[in-house]
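Novice: Structure for the following, please:
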Amino acid sequence: MTAKERVSRTLDYLPADRVPRYDIFLPEFTAEWKKTHNENIYDFYKNIDIGTVLSDSSGSLTNMARLIKRDGPDITEIDGFGRTLFRSEVRYFETQLAPAFNEKSEFDKLVFDDPDDLSRYQMLANYSQDVSRRFAPVSGVMGLFMALYRMRGEEQLLIDICEDTEFVRHMAARLVEFVKRQAVHVARMTDTFETAIWIYDEFSSKISPLFSPKHFEQIFLPYYNDLCSHLHKNGIKHIILHCDGNCLPLYDLLIEAGFDGHQGPAPTTGMKVWEIKKKYGNRFAMIGGMCNIETLAHGTKREIEYEAAAILDAAQDGGVIIGTHSIDINIPPQNYQYYYDYLEKQTWIY
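Specialist: Got it, this is the predicted structure:
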């Protein structure tokens, strides 16, 4: 069975030869691992089914993007969301200096990119051919909340959600028309209709969503329902929310919106795959579940085995892809090796 078949069947709750795996090795971990290995890390860990996401997360305002200043590795620029950023090529994090707009009246003056301009996706299409030879290809686009807070500023958008829901709905209504067309093109260019498309929307903290279920229902539910319905009608089988925080209070609304699953449930946020599966069964797929903050970083062999076994047990009816999302330098290579070897010893077929 190919990785693509395994992932697609699992998300359809159909039998597969084993539980699929999803791990992305970050550069610092790979550099540490290569001190004792002399080969491609994914050639060594050949049973990882998803090792990258073919995403277009460049924003709807790339026509505004330009370099303002460069000082060595430090860059000041306007990015594809129209915001002015300070970032460094030697650090991960960035600082937003100004949003795309300040006054609400300025939003309608923003000129969105043309999502039907296929040149936007050409590099993605070229890269997808190599990815598909090794992994089950999955794609991704930016979600509504995340794109809007990058344009508006996160703090200001949260204030708008509380004080002016109609304005946020207005923004979401315009943005969703862009994302609907963008997502279909991304799926077509990456051949991910049968596997999945990720909708990246980081609207939760470690303990809870950043806004109430009521606000999600009032503001985002209608537009996410429109988006998911459009994507399903255009042949995209599995629409997966990517959210690293605790979005469990929104699960029922996410299902109502048309999402097929969640990528990112993590024990450190209180989201345990084996507990969620008992409640939701085959209504909502889960991708992830292994803790890359505590268990794989500091856990004992027994703790690694316990967590992996609990996820594998929950996966026996399908709808679960085990993984960590990202393997970073905080995880000792020997811990990851033990986890991988443990999975290799399991022969459960559901």
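
Novice: And the strands in this structure?
Specialist: Assigned by DSSP state E, the chain shows strands spanning 21-25, 54-56, 66-71, 74-78, 84-88, 95-98, 139-142, 197-200, 239-242, 261-263, 285-289, 320-327.

Novice: Nearest to residue 178, out of those?
Specialist: strand 139-142 (9.6 Å; Cβ to Cβ). Where you see a C-beta, it was placed from the backbone N, CA and C, and this is true even at glycine.

Novice: chain center to the closest one, what's the gap?
Specialist: 7 Å (Cα atoms, centre = their mean, to the nearest Å).

Novice: The helix ranked longest in the chain - contacts with which helices or strands?
Specialist: Ordering each helix of the chain by length in residues (DSSP state H) puts helix 165-190 first. Judged by 3 or more Cβ pairs under 8 Å, 6 or more residues apart in numbering; DSSP states H and E, the packing partners of helix 165-190 are strand 54-56, helix 122-134, strand 139-142, helix 144-152, helix 154-163, strand 197-200, helix 221-233.

Novice: Kindly recompute the last result at 6 Å.
Specialist: Contacts defined by 3 or more Cβ pairs under 6 Å, 6 or more residues apart in numbering; DSSP states H and E place helix 165-190 against helix 122-134, strand 139-142, helix 144-152, helix 154-163, helix 221-233.

Novice: between that helix and helix 144-152, how big is the angle?
Specialist: 110 degrees (axes from the mean of the first three to the mean of the last three Cα atoms, to 10 degrees).

Novice: now helix 165-190 against helix 122-134, angle please.
Specialist: Going by the same axes, to 10 degrees, helix 165-190 makes 60 degrees with helix 122-134.

Novice: How about helix 165-190, which residues are buried there?
Specialist: For helix 165-190, the neighbour count (16 or more other Cβ atoms under 10 Å) marks 167-169, 171-172, 174-180, 182-190 as buried.

Novice: Could you check how far that helix is from the centre of its chain?
Specialist: 16 Å.

Novice: Kindly report the same for stretch 28-41.
Specialist: For stretch 28-41, the distance to the chain centre is 25 Å (Cα atoms, centre = their mean).

Novice: And stretch 264-272, by the same measure?
Specialist: 15 Å.

Novice: i'd like the first residue to be 53 from this point on
Specialist: Got it, the first residue is 53 from now on, which makes the last one we talked about stretch 316-324.

Novice: which stretch among the helices and strands packed on helix 217-242 comes nearest residue 167?
Specialist: Once the helices and strands packed on helix 217-242 are compared by Cβ to Cβ, strand 191-194 is nearest, at 9.8 Å.

Novice: Point out the other elements, helices or strands, that the closest one touches.
Specialist: strand 106-108, helix 217-242, strand 249-252.

Novice: just to revisit the earlier point, let me have the strands of the chain in TSV, extended by mean pLDDT and mean neighbour count.
Specialist: Output for these, formatted as TSV (pLDDT from 0 to 100; neighbours: other Cβ atoms under 10 Å):
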stretch	mean pLDDT	mean neighbour count
strand 73-77	97	21
strand 106-108	97	21
strand 118-123	96	10
strand 126-130	97	16
strand 136-140	96	16
strand 147-150	96	13
strand 191-194	98	26
strand 249-252	98	24
strand 291-294	98	24
strand 313-315	98	24
strand 337-341	97	26
strand 372-379	93	24
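
Novice: Nearest to residue 326, out of those?
Specialist: The nearest among the strands of the chain, by Cβ to Cβ, is strand 337-341 at 7.9 Å.

Novice: what pLDDT does residue 401 get?
Specialist: Residue 401 is assigned 50 on the pLDDT scale.

Novice: residues in contact with residue 293?
Specialist: 251, 311, 314 (Cβ atoms under 6 Å, 6 or more residues apart in numbering).

Novice: Tell me the spacing between it and residue 170.
Specialist: The spacing between residue 293 and residue 170, counted by Cβ to Cβ, to the nearest Å, is 26 Å.

Novice: same question, residue 117
Specialist: 19 Å.
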